[in-house]
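Participant: how does the following fold in three dimensions:
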Amino acid sequence: MNILVCLKQTFDTEERIAIEDGQISEEGVEFVVNPYDEYAVEEAIRLRDEHGGEVTVITIGPERAEQAIRTAMAMGADKGIIVDDEDLEAPDENSIAKILASVINDLEYDIILGGYMAVDDGSAQVGPRLAELLDIPHIATITKLTVDGDTVEVEKDVEGDIEYIQSKLPLLVTAQQGLNEPRYPSLPGIMKAKKKPLERMDIEDLDIDEDELEGRTETLETYLPPAKEAGKILEGDLDVQAKELVQLLRSEAKVI
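Facilitator: Residues are numbered from 1 along each chain as shown. Sure thing, here's the model as predicted:
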């Protein structure tokens, strides 16, 4: 079974966000594998161990993104592909999906996995966009995956409930929390990852018109949310508090 995993390197979720000159500062920031993509890597390794084949991990990013690929290979992935996006201006979900599709069109695959969203932008669009470009079915936010021959059965998270879906390979799925428990890279795994094959590509290497990579969205401004103000404690009888609360919701919060 040929298994592909699309992953992204993101800010560590414990990092404090700082804005400099209207941009998010990367100075001194720790980068990690996008947490939802870790579920995809783990599930891919389990599928490979059960059905045979190999796991290829693909990412798009600057040179530092190699660390994310090496982490996935230390977990157990067999090889990696990194596409350098240094020359790509303002990439968005449309750009990323088209780059991934261009890479994957030259690969053999049975199933593609990814996290259902990246924690930095939270758009959850790349997976479905990629599947549409590849003209294969896709199922998002899965919490269980079973493959039997070319038949796939999944359990899909639907806002607190479960939907059961059956499909056929080839297929793209995106992983939700609860699909599995990602393993930690072991020391032997880290050492082996240094010797596993990693292919480096540039945008120019791909069979894609650069005009198609223009972003469909534009970021006008990046800013931090306003600092939280101290809350108000209402006093008096319950009926008095209720009237005051309604007044505050109307006059200050302006929500009613």
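
Participant: helix or strand right after the helix or strand bottoming out on mean pLDDT in the chain?
Facilitator: Every helix and strand of the chain was ranked by mean pLDDT, DSSP states H and E. The lowest is strand 23-24, at a mean of 78. The C-terminal neighbour of strand 23-24 among helices and strands, as given by DSSP states H and E, is strand 31-33.

Participant: ok, that following strand: who's next to it in the sheet?
Facilitator: Within its sheet, and counting by DSSP bridges, strand 31-33 is paired with strand 9-11 (antiparallel).

Participant: residues in contact with the helix or strand that the strand it pairs with is followed by?
Facilitator: Per DSSP H and E, the first helix or strand lying C-terminal to strand 9-11 is strand 19-20. Strand 19-20 is contacted from outside by 25, 27, 222, 223, 224, using C-beta atoms under 8 Å, 6 or more residues apart in numbering. All C-beta atoms are positioned from the backbone trio N, CA, C, and that covers glycine.

Participant: what do you get if the cut-off is 6 Å, keeping everything else the same?
Facilitator: residue 224 (C-beta atoms under 6 Å, 6 or more residues apart in numbering).

Participant: what about that strand, average pLDDT?
Facilitator: Across strand 19-20, the average pLDDT comes to 82.

Participant: quick one on the thing from earlier: who does the least confident helix or strand of the chain pair up with?
Facilitator: Paired neighbours of strand 23-24 in the sheet (DSSP bridges): strand 19-20 (antiparallel).

Participant: and the strand it pairs with, how far from the chain's centre?
Facilitator: Distance, stretch centre to chain centre, for strand 19-20: 24 Å (C-alpha atoms, centre = their mean, to the nearest Å).

Participant: center of this structure, which residue is that?
Facilitator: With distances taken as C-alpha atoms, centre = their mean, residue 118 lies nearest the centre of the chain, 3.5 Å away.

Participant: could you measure from that one over to residue 85?
Facilitator: Using C-beta to C-beta, to the nearest Å, residue 118 is found at 14 Å from residue 85.

Participant: just residue 171 next, same as before
Facilitator: Distance from residue 171 to residue 85, by C-beta to C-beta: 27 Å.

Participant: regarding the chain, what is its longest strand?
Facilitator: When the chain is parsed with DSSP state E, its longest strand is strand 138-148.

Participant: buried sites along it?
Facilitator: 138, 139, 140, 141, 142, 143, 144, 145, 147 (16 or more other C-beta atoms under 10 Å).

Participant: output the contacting helices and strands for it.
Facilitator: Helices and strands touching strand 138-148, by 3 or more C-beta pairs under 6 Å, 6 or more residues apart in numbering; DSSP states H and E, are strand 151-158, strand 171-175.

Participant: can you list the domains in this protein?
Facilitator: Listed by automatic domain parsing, the domain ranges of the chain are 2-213, 226-256.

Participant: where exactly do the helices run in the chain?
Facilitator: Shown for the chain, the helices assigned by DSSP state H span residues 35-51, 66-75, 93-104, 126-134, 187-193, 238-251.

Participant: looking at those, which is nearest to residue 151?
Facilitator: helix 35-51 (12.4 Å; C-beta to C-beta).

Participant: pLDDT below threshold where in the stretch 151-256 of the chain?
Facilitator: Along the stretch 151-256 of the chain, no part satisfies pLDDT under 70.

Participant: do that again at 90, thanks
Facilitator: 159-160, 202-237, 239-241, 243, 247-256 (pLDDT under 90).

Participant: swap in the stretch 1-150 of the chain?
Facilitator: Within the stretch 1-150 of the chain, the stretches with pLDDT under 90 are 11-31, 61-63, 85-92, 94, 119-123.

Participant: make it 50
Facilitator: Residue ranges of the stretch 1-150 of the chain with pLDDT under 50: none are present.

Participant: quick check, nearest of the buried residues of strand 138-148 to residue 15?
Facilitator: Distances from residue 15 to those, taken by C-beta to C-beta, are shortest for residue 141, at 25.2 Å.
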